[in-house]
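In: What shape does this take:
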Amino acid sequence: MEAKKVVVVGGVAGGASAAARLRRLDENMEIILFERGEHISYANCGLPYYIGGIIEDKEDLLVQTPEDMEERFNIDVRTNNQVLEIDLDKKQVEIEDRLTGQRYSESFDKLILSPGAEPLRPPISGIDSDKIFSIRNVRDTFRIKDFIDENDCREAIVVGGGFIGLEMAENLHLLGLKVTLVEMADQVMAPLDYEMANIIHKELKSKGIELLLKDGVKTFSQEADDVVVELGSGTRLKTDLVILSIGVRPETGLAQMAGLEIGDTGGIKVNKHLQTSHPDIYAVGDAVEIVDLINGNPAMIPLAGPANKQGRIAANHICGIEDTYKATQGTSIVKLFVLTAAVTGNNEKTLRKFNIPYLTCHIHSPSHATYYPGAREMAIKLLFSPERGQLLGAQIVGYEGVDKRIDVLATAIRAKMTVYDLQELELAYAPPYSSAKDPVNMVGYVASNILMGHHPVIQWDQLGGLDKDKTLLLDTRTRKEYEMGAIPGSINIPVDQLRQSLNELIPYKDKDIVIYCRSGQRSYIATRILLQNGFDKVRNLSGGYLTWSLANY
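Out: Model (predicted):
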């Protein structure tokens, strides 16, 4: 049946995108958008930066006002109107006007649910204090900023080291507050693997942010004007305010009450067209269970980009366009002071969880030609299949140029490229922007050498399992570098002296020889020298001393 009337529940990314797309496709359709808050389209990802003063005007957070959307798209936008119930038999929704308390019904031909996800607030004693905040929308942001300004806050505790937690820690620090970040896991930013996250740990500490890992909140309490945070370890912290950023859960209440199917991950179950278990009801955004592009399993990956795409696809399908949403790969990025961290695809933890075979490699590559001023290194980790080198994931932590490299790798993953394809990519080069061999090309060269057997490697976390009596650790850096710090138990032969020193290594021919340098490049040359001179048990430490030292920071 052709849809004459479509009701959209929830604005922001998915809902607003769906409503606008519906109008562009059908000028005569009746479209009603219900939003329980006062804003239908705002810069959700920009909220922490208003608190830190980077975004100065609060009006800049509002992408589109209800009035603008009504005028441009002829959509009936009803803010402060909350949908309370869906009647599938009557195909109507029950609504409450939150300003007047009036309740009324509205019929629909098609319904799009875009309720989003809400911040987790576990039942911890004292959590209802008016000095403990979560951040989800514009109103939350204004409340936090006003509280800080009006109470002359000096200290803050951020609970949770995800994207929002890290951004909040940075922006509170920029306001001049003493910030403590508490994270129950052994690392921040869960999509990163541990050694990559440790680069962020180092950056946080360098800025004076206290980082408490492997510890969680036990209770909150009030003591005079302070919030007292007691951790599981017994540590007691006093602060002016607390920001909770411990994750989100999909808002599925409406869907569950209506009897729509909920997936194993807790999100609304949808098909490739974003239809729920009822064909006339669609769901998009952070509330839906999607398919992980890499491992093919159901997942919850709440990101703005996928939500916008899903809104468009649902609208297309309602209007008769056979569009489909295939999967989410989790491409994301965060700024932390001058540092940038980005991920795409699966990390090691996820690949192990689903028993997916993989190989990894690390490189440390400059953002642009080193002879041009300002080049700074970025750490790149690539995960790929051992069979044909198909890309499974990538992680980059560095400074300039991280964003464009992760986008190239994300595109390559979506196109099902292999590490061999990375070698062939023709990327823009001029000294201020890149090198003739871009970091993306370089990580492709390293990974393909591993696959072809030219470059046997060992990872930083495998060193601890080696038999010291049967292993030689060979440091191929200069004498000066070696004296400034080395992996315990290693000997030093600089790579440029290695050919003349082969006789010194003959007693170690039957041992496993692990070679390293600063970043892995010189030790790769050393690996090739030894392999071609009768040394069979040789492996290069992937990422070199840099990766090892960061992982053990």
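
In: quick one: contacts of the helix or strand hosting Leu172?
Out: Counting by DSSP states H and E, the element that carries Leu172 is helix 163-174. The contact list for helix 163-174, computed with C-beta atoms under 8 Å, 6 or more residues apart in numbering, reads 48-49, 51-54, 135, 148, 156, 158-159, 179, 181, 183, 188-189, 200, 204, 207-209, 243, 245-246, 332, 334-337. Bear in mind the C-beta positions are built from the backbone N, C-alpha and C, glycine included.

In: Sort out for me which of those are in helices.
Out: 48-49, 51, 148, 200, 204 (DSSP state H).

In: if I've got this straight, Asn540 is in a strand?
Out: Yes - secondary structure of Asn540 (DSSP: H, G, I helix; E, B strand; the rest coil): part of a strand.

In: so what pLDDT did it get?
Out: pLDDT recorded at Asn540 is 98.

In: And Lys480, by the same measure?
Out: 97.

In: Check the gap between it and Ala486 for me.
Out: Distance of Lys480 to Ala486, given as C-beta to C-beta, to the nearest Å: 11 Å.

In: These two: which is more packed in?
Out: Set Lys480 next to Ala486 and count neighbours by other C-beta atoms under 10 Å: Ala486 wins out with 18 against 8.

In: What sits closest to that one if chain neighbours are left out?
Out: Leaving aside its chain neighbours, Ala486 sits nearest to Asp475 (5.3 Å; criterion: C-beta to C-beta, 6 or more residues apart in numbering).

In: next one: Ile333
Out: Leaving out its chain neighbours, the residue that sits closest to Ile333 by C-beta to C-beta, 6+ apart is Ala342, at 4.0 Å.

In: What distance do you get for the one you found to Asn198?
Out: From Ala342 to Asn198 the distance is 16 Å (C-beta to C-beta).

In: So which of these two has more stuff around it?
Out: Ala342 (26 against 22).

In: which secondary structure element contains that one?
Out: strand 339-345.

In: so how many other residues sit close to the closest residue to Phe133 other than its chain neighbours?
Out: In this structure, Phe133 finds its nearest non-sequential neighbour in Ile144, 5.1 Å apart by C-beta to C-beta, 6+ apart. Using other C-beta under 10 Å as the criterion, Ile144 is surrounded by 24 other residues.

In: List the buried residues in stretch 284-292.
Out: By neighbour count on 16 or more other C-beta atoms under 10 Å, the buried set for stretch 284-292 is 284-292.

In: next one: phi and psi at Val8?
Out: Dihedral pair for Val8: phi -110, psi 130, per degrees, to the nearest 10.

In: OK, contacts around it?
Out: 15, 18-19, 22, 31-34, 111-112, 114.

In: Out of those, who's the most crowded?
Out: For the contacts of Val8, the largest number of neighbours (other C-beta under 10 Å) sits with Ala18, at 33 neighbours.

In: Am I right that it is in contact with Arg312?
Out: Yes - contact criterion C-beta atoms under 8 Å: Ala18 and Arg312 qualify, at 7.0 Å.

In: The strand holding Ala342 - what's its average pLDDT?
Out: 98.

In: mind checking how far it is from the chain centre?
Out: Distance, stretch centre to chain centre, for strand 339-345: 7 Å (C-alpha atoms, centre = their mean, to the nearest Å).

In: Please apply the same query to stretch 520-533.
Out: 35 Å.

In: Fine by me, thanks again.
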